[in-house]
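> Just need the structure, nothing else, for what follows:
(2 chains)
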Number of protein chains: 2
Amino acid sequence: MYYIGIDLGGTNIAAGLVSAQGEILYSASIPTNKERPASEIIEDMAELAKRIVSESGHELSEILAVGIGCPGSVDKKNGVVVYSNNIVMHNVPMAAEFRQHLDLPVFLENDANAAALGEYAAYGEGVDSFVFMTLGTGVGGGIILNGKVWSGFNGAGAEIGHQTLVFGGEPCTCGRKGCLEAYASVTALIRQTEEAMAAHPESSMHAWAAEKGRVTGRTAFECAKAGDAVATEVRDRYIEYVAEGICSIVNVLQPEILSIGGGISREGDTLLDPIKAYFAVNDYNKHMKKTDIRIAGLFGDAGIVGAAMTAVAGMEG
Amino acid sequence: MYYIGIDLGGTNIAAGLVSAQGEILYSASIPTNKERPASEIIEDMAELAKRIVSESGHELSEILAVGIGCPGSVDKKNGVVVYSNNIVMHNVPMAAEFRQHLDLPVFLENDANAAALGEYAAYGEGVDSFVFMTLGTGVGGGIILNGKVWSGFNGAGAEIGHQTLVFGGEPCTCGRKGCLEAYASVTALIRQTEEAMAAHPESSMHAWAAEKGRVTGRTAFECAKAGDAVATEVRDRYIEYVAEGICSIVNVLQPEILSIGGGISREGDTLLDPIKAYFAVNDYNKHMKKTDIRIAGLFGDAGIVGAAMTAVAGMEG
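Residues are numbered from 1 along each chain as shown, chains lettered A, B, ... in the order given. Now for the predicted structure:
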């Protein structure tokens, strides 16, 4: 028997036929066209689910349940998207609407939590606690404790990008100042890079940006690798922000694994090694076994796998 | 049937005969004399346990188990104090040694986690998640999720005072800079008060401190109440630090209740009202039910009750 995992993103809807162990057997995606009514998006999600089952040569009767990872605040118990800002939704009974098109058990999860569950399914075997932190446009994440998503009594938790890093610091998208997200997101890294470039017309980052047409999250990392001193300073300071945020998370949760995903995680050991070094010195815990900090592995597939794992967990009650 | 809860502190050992519901029937305390060998302290703990049973008119046969809340890092599974700095202990097999004097099932817990469990037993009925935050010499706490202590895969978690508040800020006892503890502890409040006094010789806080013989955590609160502008500024800024720390904790965990204990919590609504106002504006969660922020109620008894509840949880497996 199989599960369908659907990752509802602002740009694409991705769906996969997934085994109970989290292996994707077949997947496909379609554009979200997020400006249209939610009911149309939901109908397309159901059609995509049917399509991947038939294209993969399987039968709907082999599907036990559907999991959907979607942005925003989710009432998991009732299958309702309470509020989403990215794809605008307000009290949308997504599970019930989906079942009008494809009548299978449907389980919802916030997309970041679902991605955490996906990474956990793939890389967290035998581990009781797992934090997934994404360094992307924002800083998001998910928390798995005792093998289950922890997102608070209200489902609104695991906003690990919205811990304070600098009291009264840079404005954050959430309305507060100085959140980790305002220093450790790709958006923040681009801002830090641009500020350094403005102060240092001699930096090779100007030529890099001119060639690529813009400053990106890779500008500082690549120019640092090529030996640019200003870029190195930007990169190292950025990594320190990330590492400091990780220390705060670990001091509170002490997860067995903390996995770093999102665009910046593709830098691999360039990112990971200094984070580990910083953590070794700054972690509060000096006497017990330490959290294993890793780079995530599933990348774009985490959402599909995690949505399917949400369905697996939902069926187990 | 009853439980014995023992709160092993740096100054006193307090023990209580406690019901399964967390009610203290009888309690007593003795000095810790923490400079002596751990084996002597443990023997005294067992003698105190026997004494409170007999003094309360009960029999040892009515006691199901003993719980001990002790400072430092605890290996709960094996009943070993791995490391404690306050009362110096290194790999002390506390449960086994205790049983040599009083042969009952013995369960260990870190003292802050035990206190959280005590507050939860007293004030968390029907609630699935509960964070206890103490504003004392340091900033400590405990996390209860799904009715159980969460202290990480290694037992070293719930160090909620060691989240960053100010990147690169004031030095913290943990070796990092800018932790919440370095701004929101009583120690920090005294430092903030003294700094403001040095800058403002006209403040009435000088007369207050002269009268009491020293600056304390109450100086700014009391002089602010009497109308001193400098004291008001110190108090309000201090409360903002605490509130900002609470926002960070809640954004990650979204507990149903967050309970504030420790010395400063005796300020009651003077502390709580502005925290609630700050939280209402700054909490990331804008669409789901909100965390209920409260002042703790058990004060000194939280340790005894929580230690007993550790025994209750231990017997339930």
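> Now do residue A:237: how many residues are near it, please.
14 (other CB atoms under 10 Å in any protein chain shown). Yep, even glycine has a C-beta here, placed from its N, CA and C like the rest.
> how close does it get to residue A:86?
Per CB to CB, to the nearest Å, residue A:237 is found 29 Å from residue A:86.
> And chain B, is stretch A:146-156 touching that?
Yes - Stretch A:146-156 comes into contact with chain B (CB under 8 Å from any CB of the partner chain), by way of A:146, A:150, A:151, A:152, A:153, A:154, A:155, A:156.
> buried subset of these?
Among the residues of stretch A:146-156 next to chain B, those scoring as buried are A:150, A:151, A:152, A:153, A:154, A:155, A:156 (criterion: 16 or more other CB atoms under 10 Å in any protein chain shown).
> what's the nearest residue to the second one if we skip its chain neighbours?
Looking back up the chat, that one is residue A:151. Setting aside the residues directly before and after it, residue A:151 is nearest to residue A:157 in space (CB to CB, 6 or more residues apart in numbering or on different chains), at 4.6 Å.
> same check, this time on the third one
Using CB to CB, 6+ apart and skipping the chain neighbours, the partner closest in space to residue A:152 is residue B:254 (2.3 Å).
> Can you check the pLDDT for the one you found?
pLDDT recorded at residue B:254 is 98.
> ok, now residue A:300?
Note on residue A:300: pLDDT of 85.
> is it true that it touches residue A:11?
No - using CB atoms under 8 Å, residue A:300 is not in contact with residue A:11, being 11.3 Å away.
> Name the nearest residue to residue A:104, ignoring sequence neighbours.
In space, residue A:104 is closest to residue A:66, 5.2 Å off (CB to CB, 6+ apart).
> actually residue A:234, not the one I typed
With CB to CB, 6+ apart, the residue lying closest to residue A:234 is residue A:220, at 4.1 Å.
> buried sites along the strand or helix carrying the one you found?
Using DSSP states H and E, residue A:220 sits in helix A:219-225. For helix A:219-225, burial by neighbour count (16+ other CB under 10 Å) applies to A:219, A:220, A:221, A:222, A:223, A:224.
> Identify the farthest-apart pair in these.
Longest distance between any two of the buried residues of helix A:219-225 is 9.3 Å, between A:219 and A:224; criterion CB to CB.
> what is in contact with the two at once?
residue A:231 (CB atoms under 8 Å, 6 or more residues apart in numbering or on different chains).
> Please enumerate the strands of chain A.
With DSSP state E applied, chain A shows strands at A:2-8, A:12-18, A:24-31, A:63-70, A:73-75, A:80-84, A:89-92, A:106-110, A:129-135, A:139-145, A:148-149, A:257-261, A:292-295, listed in chain order.
> Serialize the ones you listed to JSON lines and add fields for mean neighbour count and distance to residue A:180.
Formatted as JSON lines, the strands of chain A follow (neighbours: other CB atoms under 10 Å in any protein chain shown; distance: least, CB to CB, whole Å):
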{"stretch": "strand A:2-8", "mean neighbour count": "29", "distance to residue A:180": "24"}
{"stretch": "strand A:12-18", "mean neighbour count": "25", "distance to residue A:180": "27"}
{"stretch": "strand A:24-31", "mean neighbour count": "15", "distance to residue A:180": "30"}
{"stretch": "strand A:63-70", "mean neighbour count": "26", "distance to residue A:180": "22"}
{"stretch": "strand A:73-75", "mean neighbour count": "23", "distance to residue A:180": "20"}
{"stretch": "strand A:80-84", "mean neighbour count": "21", "distance to residue A:180": "22"}
{"stretch": "strand A:89-92", "mean neighbour count": "18", "distance to residue A:180": "26"}
{"stretch": "strand A:106-110", "mean neighbour count": "26", "distance to residue A:180": "18"}
{"stretch": "strand A:129-135", "mean neighbour count": "28", "distance to residue A:180": "9"}
{"stretch": "strand A:139-145", "mean neighbour count": "27", "distance to residue A:180": "5"}
{"stretch": "strand A:148-149", "mean neighbour count": "19", "distance to residue A:180": "20"}
{"stretch": "strand A:257-261", "mean neighbour count": "24", "distance to residue A:180": "13"}
{"stretch": "strand A:292-295", "mean neighbour count": "17", "distance to residue A:180": "16"}
